[in-house]
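In: how would this look folded up:
(chains A, B and C)
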Amino acid sequence: MAAVAADLLAWFAQTGRDLPWRRSGRPRDPYQAWVAESMLQQTRVETVLPYYDRWLAAFPDVGALAAAPLDAVLAQWQGLGYYRRARHLHAAARTVVADGWPHTVAGWRVLPGVGPYMAAALASLCDGVEAAALDGNALRVLARLSGEEGAVDLPAVRARLAALATSLLPSGRAGEWNEAVMDLGATICRPRKPRCGDCPVRGHCLAAASGRAADLPVRRPRRPQVVEDVAMAVALAPDGRLCLQRRPDDALLGGLWVFPDPARLGLDPAAGWPLLAFTHVFTHRRWRIDGRLHPIAVPPPEADDLRWVRPDALDGLALAAPTRRLLAAAQRAQYIW
DNA sequence: AACTCGGGGGG
DNA sequence: CCCCCAGAGTT
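Out: Have a look, this model is predicted:
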């Protein structure tokens, strides 16, 4: 089985992707690697690229991140989703400033937002620790290699694949191996239409041998989404300011700004002018949003979670995606500008 | 083991 | 419409 690692590393040396968070060389700069891994959770590389560059410009090192206010951190993250990741980065930055960078899997694992995958990836990339990082790519590659028929989201199956990954790990080159597996999963061993003909390890792959690569890995079915009706009031004050409400910290879209529920402002939802009705889809939920424009003669007072903001001052706020969509509709209709 | 937590790209 | 993406935390 050592041949698997040799073939994969040889392929990686030639075709490895040139990604910005790889440019700090090896061993990897811990701050840059940590930011990248945080952004990449459940998020495609192409999506992360612009966020990553802006982030490093705004927070060049861990000290700058630790010193920044949370709202500035969330504003940099807006649109990326899973906003807890930004909170965790912010909180962990202050721990790192106090205690220094981790150098082991267990050390990384203590930081908030660092789970099994990130701890292994960061320890191997930054300190050469011999740990196998299992992300979605690795699970798919390993399931196909070994012909694993069990659902990979089951802990027992993951444990089997983790053991396989550990057994394949080439001594002294764990960081390269982890990245090579992920690149293979992203470019060759893709979820759909795997390019087995171009695969450097097809000679070791049970799924390729039986022509079943496209049928693996098996995943458990997802349960249906909950549908909720959400009313959003684009409340417009006489001076042109808009009313925004901050979502509770521990809630869905926690800490982001949305157009408020009409009831929060004492408005009759039906009284507004229809602006835009659309569906915003989350992983496990779907909001049927009815956005209406409400001209307000006497604006209700501001509160901790309620602000009246000039349209040109919205840039510094972390706006949820549905907020941006309604804002764009209001601008198109020339209600605001 | 099941649920929660975003948003977008691509078949 | 569907799937899945360089997962982690909570219950």
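In: what about A:Asp250, is that helix, strand or coil?
Out: In terms of secondary structure, A:Asp250 is coil; the call rests on DSSP: H, G, I helix; E, B strand; the rest coil.
In: and A:Leu293, by the same measure?
Out: The assignment at A:Leu293 comes out as strand when based on three-state DSSP.
In: can you tell me which residues contact it?
Out: A:Val234, A:Leu236, A:Gly272, A:Trp273, A:Leu275, A:Ala330, A:Ala333, A:Tyr335 (Cβ atoms under 8 Å, 6 or more residues apart in numbering). (Each C-beta comes from the backbone N, C-alpha and C, glycine too.)
In: cool, A:Val48 as well?
Out: By Cβ under 8 Å, 6+ apart, the contact set of A:Val48 is A:Ala36, A:Met39, A:Leu40, A:Leu80.
In: go with 7 Å
Out: Each residue near A:Val48 by Cβ atoms under 7 Å, 6 or more residues apart in numbering is listed here: A:Met39, A:Leu40.
In: which of the helices or strands spans it?
Out: Taking DSSP states H and E as the definition, A:Val48 sits inside helix A:45-58.
In: how about A:Met39?
Out: Using DSSP H and E, A:Met39 falls within helix A:30-40.
In: against which helices or strands is that helix packed?
Out: Helix A:30-40 is packed against helix A:45-58, helix A:84-99, helix A:116-127, with contacts defined by 3 or more Cβ pairs under 7 Å, 6 or more residues apart in numbering; DSSP states H and E.
In: so where's chain A uncertain?
Out: A:1, A:337 (pLDDT under 70).
In: sorry, back to before: list the buried residues for the helix holding A:Val48?
Out: Neighbour counts over helix A:45-58 (16 or more other Cβ atoms under 10 Å) mark A:Val45, A:Val48, A:Tyr51, A:Tyr52, A:Trp55, A:Leu56 as buried.
In: same check, this time on stretch A:154-172
Out: A:Val157, A:Arg158, A:Arg160, A:Leu161, A:Ala162, A:Leu164, A:Ala165, A:Leu168, A:Leu169, A:Pro170.
In: what does stretch A:17-24 give?
Out: Result for stretch A:17-24 [16+ other Cβ under 10 Å]: buried residues A:Trp21, A:Arg22, A:Ser24.
In: same thing with stretch A:118-130?
Out: Neighbour-count burial for stretch A:118-130, counted by 16+ other Cβ under 10 Å, picks out A:Met118, A:Ala119, A:Ala120, A:Ala121, A:Leu122, A:Ala123, A:Ser124, A:Leu125, A:Cys126, A:Asp127, A:Val129, A:Glu130.
In: is it true that the first one touches A:Glu37?
Out: To tie it back to what came earlier, the one meant is A:Met118. Yes: with contact defined as Cβ atoms under 7 Å, A:Met118 reaches A:Glu37; the gap is 4.9 Å.
In: on that earlier part again, let me know the closest of the buried residues of stretch A:118-130 to DNA strand B.
Out: Nearest to DNA strand B, judged by Cβ to the nearest atom of the strand, of those is A:Met118 at 14.2 Å.
In: just to revisit the earlier point, want to throw the buried residues of stretch A:118-130 into CSV with distance to DNA strand C?
Out: CSV is the format used below for the buried residues of stretch A:118-130 (distance: Cβ to the nearest atom of the strand, whole Å):
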residue, distance to DNA strand C
A:Met118, 3
A:Ala119, 6
A:Ala120, 8
A:Ala121, 7
A:Leu122, 9
A:Ala123, 11
A:Ser124, 11
A:Leu125, 9
A:Cys126, 14
A:Asp127, 16
A:Val129, 15
A:Glu130, 17
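In: ok, those vs A:Val152, which is closest?
Out: Relative to A:Val152, the closest of those is A:Ala120; by Cβ to Cβ it sits at 16.8 Å.
In: which one of the buried residues of stretch A:154-172 sits closest to DNA strand C?
Out: Using Cβ to the nearest atom of the strand, A:Arg158 is the member of the buried residues of stretch A:154-172 that lies nearest DNA strand C, at 10.9 Å.
In: residues contacting the residue in the stretch 201-337 of chain A that DNA strand C sits nearest to?
Out: When scored by Cβ to the nearest atom of the strand, the stretch 201-337 of chain A has A:Arg219 as its residue closest to DNA strand C, at 4.7 Å. Listed by Cβ under 7 Å, 6+ apart, the contact set of A:Arg219 reads A:Ala151, A:Val152, A:Asp153.
In: thank you, goodbye.
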